[in-house]
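Okay, predicted coordinates and the sequence, questions at the end:
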Amino acid sequence: WDKACKDFNDVMLSILRDGVYTLGNGEVVDFRNCIFIFTANLGARDVEQAVERAANPIGFRTGDKSLTVMETEALFNKHLKDFTAPEFRARITENGEIVVFEKLNAEQVGQVRDVKIAEMQAHVRKVAKVTIEVDDAGRKVLLDQAMANNGTVANLNGVLKSQVTDNLDNQLIVGGIKARDCILVTSDEAGSAVVFRVEQPSLLIVGADSAE
């Protein structure tokens with residue numbers, strides 16, 4: 001939302017005020033049964049700087065690297081006032097709610113990691129006919145690297161791309177990995193990066209009668 005132009009806010013102000021919007025040709029579009037969700041990074045830089053200051057406290061503040069919900073909301077509201085007109089903020093609070101999302105913790109990022117890995121496995125199996133397994137050690141390395149760089153989903157996507165999918169694409173191009181291979185993605189001895197190992201695929205018999 002914070003990347004939208006001023007005209008967008010003008011259009012949304014009319015919709016939030018009346019529930020309808022009149023087009024240039026006179027046609028009235030009804031939005032009264034619609035739900036709008038705006039996402040924004042307003043104040044994100046100030047929040048990040050505040051977290052850094054909390055990690056290096058001065059005075060009586062402890063070394064807690066997180067901000068309280070009230071502190072985060074205060075920073076967001078300050079930027080919201082600079083970004084929108086008072087009447088727009090009034091319509092938001094009148095018709096909806098402002099929600100400030102807290103930073104994802106390691107457990108939550110780990111859940112996203114597992115979903116992303118499952119999606120990658122299905123895609124590679126369908127497109128390249130290659131089976132990929134990521135063991136616990138490999139998953140830990142991927143999570144550790146994502147959390148070391150702010151622990152966002154965007155950082156997790158970057159780690160998965162650089163550590164897994166890019167390497168897999170390169171190996172497929174040079175012939176290091178071929179169709180029907182079973183690849184194990186695990187950790188190196190230092191636990192700082194993932195490595196690929198070609199494993200012997202297991203024999204799967206489908207539809208065989210147990211008596212045979």
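On my side now, so go ahead.

Return the residues in contact with residue 117.
Residue 117 makes contacts with 134, 139, 160, as judged by C-beta atoms under 8 Å, 6 or more residues apart in numbering. (Glycine included, C-beta is placed from N, CA and C.)

how about those in CSV, adding neighbour count, secondary structure and distance to residue 176?
Listed next are the contacts of residue 117 as CSV, based on neighbours: other C-beta atoms under 10 Å; DSSP: H, G, I helix; E, B strand; the rest coil; distance: C-beta to C-beta, whole Å:
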residue, neighbour count, secondary structure, distance to residue 176
134, 22, strand, 18
139, 18, helix, 22
160, 21, helix, 19
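
Let's have these in TSV, adding distance to residue 17 and pLDDT.
Listed next are these as TSV, based on distance: C-beta to C-beta, whole Å; pLDDT from 0 to 100:
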residue	distance to residue 17	pLDDT
134	51	95
139	49	96
160	43	95
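
Nearest to residue 7 among those?
Nearest to residue 7, judged by C-beta to C-beta, of those is residue 160 at 36.9 Å.

can you pull the contacts of that closest one?
Taking C-beta under 8 Å, 6+ apart, one finds 113, 116, 117, 120, 142 in contact with residue 160.

Tell me which helix or strand in this structure has the weakest average pLDDT.
Lowest by mean pLDDT, DSSP states H and E among the helices and strands of the chain is helix 44-55, with a mean of 72.

Helix or strand for residue 118, just tell me which one.
According to DSSP states H and E, residue 118 maps onto helix 106-127.

residues touching residue 194, list them.
Residues counted as contacts of residue 194 (C-beta under 8 Å, 6+ apart) are 138, 141, 142, 163, 164, 185, 186, 187, 188.

for residue 177, that is, sorry about that
Counted by C-beta under 8 Å, 6+ apart, residue 177 has contacts 128, 130, 168, 171, 183, 196, 198.

Am I right that the last one is in a strand?
Yes - assigned with DSSP: H, G, I helix; E, B strand; the rest coil, residue 198 falls within a strand.

Report pLDDT for the residue nearest to it when sequence neighbours are not counted.
Spatial nearest neighbour of residue 198, chain neighbours left out: residue 181 (5.5 Å); criterion: C-beta to C-beta, 6 or more residues apart in numbering. On pLDDT, residue 181 comes in at 91.

separation between residue 181 and residue 105?
35 Å (C-beta to C-beta, to the nearest Å).

Comparing the two, which residue is more hemmed in?
residue 181 (19 against 11; other C-beta atoms under 10 Å).
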